[in-house]
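Q: sequence below, structure please.
(chains A and B)
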Amino acid sequence: MKTTSRRMIRTMALAAMLFASGVLPALAASEADYKTALAAAETAQKEAASLRNRWTTTESALAAAKKAAGAGDFDAATASAKEAEALAKASVFQATSEKERWKNMEIR
Amino acid sequence: MRVRSILASAFAACAAAGLAMLAASAIAAPDTPDPVTDAKAFRKFFTDKFPKVKFEDFVNGPYSMDEGLHKQWEEKEQFPPYDFALESGKEMFATPFKNGKTYADCFPDKGIGIRQNYPYFDEKEGKVVTLELALNRCREANGEQPYSYVKDEMASLTAYMAYTSRGKPMDIKIPNDPRALEAYENGKRYFYTRRGQLNFSCATCHVQSPGERIRAEVLAPALGIMNAMPIYRSEWSGMGTISRRLVTCNSQTRAVPLEPQSDEYRDVEYFLSYVANGLPISGPGARP
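A: The predicted structure follows:
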């Protein structure tokens, strides 16, 4: 019994060390993760489109996400989709804040 | 005594209401569209910023900002790079459609010397109509396919029409129609609104930085920027319409361009042309 618990402790300690040192890979993104990230990005981009303020960089990130997903690389696909969501949200923020801020630049 | 006090109270209430209305109108005043005042302020801004530039020279864009560039422009004008577009535009303009009619049948004064009146506000449609749009509507009304707004055929046609108006002062009207004023105001808002990942508005380049370089380009002042259109750009190795210029400006700021001749583009052209009233048509132009 003592030997078994010692072995368990040793195994867990080894696993913790390997995890901390990055030898073990982080959990890979799944197709489901990608789909969730893409849906969020597309929702944000739709809002940007309704404000007539899409960014080319968002479009590029969305295209990159779909391309990576097509190749089965869901890590890259999820990362690009999250980038697209962040860019789309920034463009929505820009369009919303510019509704009044444009007046600051007006020649009077 | 009692009557007096009632009268005094009534007078005080009226005075207070009057003051409140005055205060409200004073607060509302800055947001009330006033194109005449806008145009005056617009011109003053540029003439104060560039006191050495002759007023009518603003239509020459970057060439008006720098003596060396101005000399280059004078030399270019001896063998202008837009000549080929002018020739083909003249020929296209005179060539009858399949039904025997021509562009001349669609425009006042047979389409000659009218560039300075575009864009105009069409009160029937309730929208701004640009020259490019009017040309395509003419084609469609006569059974022809419309041209691309960003390609050579449209640039050639508008180059020829601009040439027949050279020297005539821009003359854009805002009719007494709240929709026209709204279109003007929408165009103004579009001009000053930041967009794209680079967070640029049209004004960032053409109000805050004319005469400065952005990479290798010298930025043109917004005043009179439409008067030289369409333009031959060395960077494009070809001619560009107003639509092409607006689309390219958007994508350079990393904004997805709108559809050519969308309401926003039509309105911003209306605004920029109106504030350039009085400046001569100089199109077709040439730019670095």
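Q: what's the closest non-adjacent residue to B:Cys106?
A: Once flanking residues are discounted, B:Cys106 sits nearest to B:Cys138: 3.5 Å by Cβ to Cβ, 6 or more residues apart in numbering or on different chains. Just so you know, the C-beta spots here come from the backbone N, C-alpha and C atoms, and that holds for glycine as well.
Q: list the residues that contact that neighbour.
A: Neighbouring residues of B:Cys138 by Cβ atoms under 8 Å, 6 or more residues apart in numbering or on different chains: B:103, B:105-107.
Q: try 10 Å
A: Applying Cβ atoms under 10 Å, 6 or more residues apart in numbering or on different chains to B:Cys138 gives the contacts B:97, B:101-107, B:111, B:144, B:146, B:157.
Q: which element is it on?
A: In the assignment (DSSP states H and E), B:Cys138 maps to helix B:131-141.
Q: if I look at the residue nearest to B:Cys106, how far off is B:Tyr147?
A: 11 Å (Cβ to Cβ, to the nearest Å).
Q: shared neighbours, the two?
A: Residues within reach of B:Cys138 and of B:Tyr147 at once, by Cβ under 10 Å, 6+ apart, are B:Leu157.
Q: ok and the residue in the stretch 1-150 of chain B nearest chain A?
A: B:Phe45 (4.7 Å; Cβ to the nearest Cβ).
Q: wait, isn't that residue in contact with B:Phe58?
A: No - counting by Cβ atoms under 10 Å, B:Phe45 sits too far from B:Phe58 to count as a contact (11.3 Å).
Q: neighbour-wise, which of those two wins?
A: B:Phe58 (27 against 16; other Cβ atoms under 10 Å in any protein chain shown).
Q: would TSV of the contacts of B:Cys138 with pLDDT, neighbour count and secondary structure be doable?
A: Below are the contacts of B:Cys138 laid out as TSV (pLDDT from 0 to 100; neighbours: other Cβ atoms under 10 Å in any protein chain shown; DSSP: H, G, I helix; E, B strand; the rest coil):
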residue	pLDDT	neighbour count	secondary structure
B:Phe97	98	15	coil
B:Lys101	98	15	coil
B:Thr102	98	18	coil
B:Tyr103	98	22	helix
B:Ala104	98	14	helix
B:Asp105	98	15	helix
B:Cys106	98	16	helix
B:Phe107	98	18	coil
B:Gly111	98	22	helix
B:Glu144	98	14	coil
B:Pro146	98	16	coil
B:Leu157	98	27	helix
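Q: what sits up against the helix or strand hosting the residue of the stretch 1-150 of chain B closest to chain A?
A: Using DSSP H and E, B:Phe45 sits within helix B:35-49. Residues outside helix B:35-49 that contact it (Cβ under 10 Å, 6+ apart) are A:106-108, B:34, B:53-55, B:58, B:64, B:172, B:174, B:180-181, B:184-185, B:188, B:206-207, B:210-211, B:221-224, B:270-272, B:274-279.
Q: just to revisit the earlier point, what separation do you get for the residue nearest to B:Cys106 and B:Asn99?
A: In this structure, B:Cys138 and B:Asn99 are 12 Å apart, going by Cβ to Cβ.
Q: buried set for stretch B:211-230?
A: If you call a residue buried by 16 or more other Cβ atoms under 10 Å in any protein chain shown, then stretch B:211-230 has these buried ones: B:211, B:218-230.
Q: check the offset of it from the chain's centre.
A: 13 Å (Cα atoms, centre = their mean, to the nearest Å).
Q: name the spans of the chain whose pLDDT lies under the cut-off.
A: Picked chain A for this. A:1-26 (pLDDT under 70).
Q: try again with chain B
A: Short version for chain B, where the test is pLDDT under 70: B:1-30.
Q: for it, which segments count as helices?
A: Applying DSSP state H to chain B gives helices spanning B:2-28, B:35-49, B:67-76, B:83-94, B:131-141, B:152-163, B:178-192, B:202-206, B:242-252, B:263-274.
Q: now for those helices, which one comes closest to A:Lys82?
A: With Cβ to Cβ as the measure, helix B:242-252 is the member of those nearest A:Lys82 (24.3 Å).
Q: how about the residues of chain A near chain B?
A: Selection of chain A residues close to chain B by Cβ under 10 Å from any Cβ of the partner chain yields A:45, A:48-49, A:51-60, A:87, A:90-91, A:94-95, A:97-99, A:101-108.
Q: ok, of the residues you listed, which come out buried?
A: Counted by 16+ other Cβ under 10 Å, those give A:45, A:48, A:51-59, A:87, A:90-91, A:94-95, A:98, A:102, A:105-107 as buried.
Q: hang on, the earlier thing: intersection of neighbour lists for B:Phe45 and B:Phe58?
A: Contact with both B:Phe45 and B:Phe58 is made by residues B:221-223, according to Cβ under 10 Å, 6+ apart.
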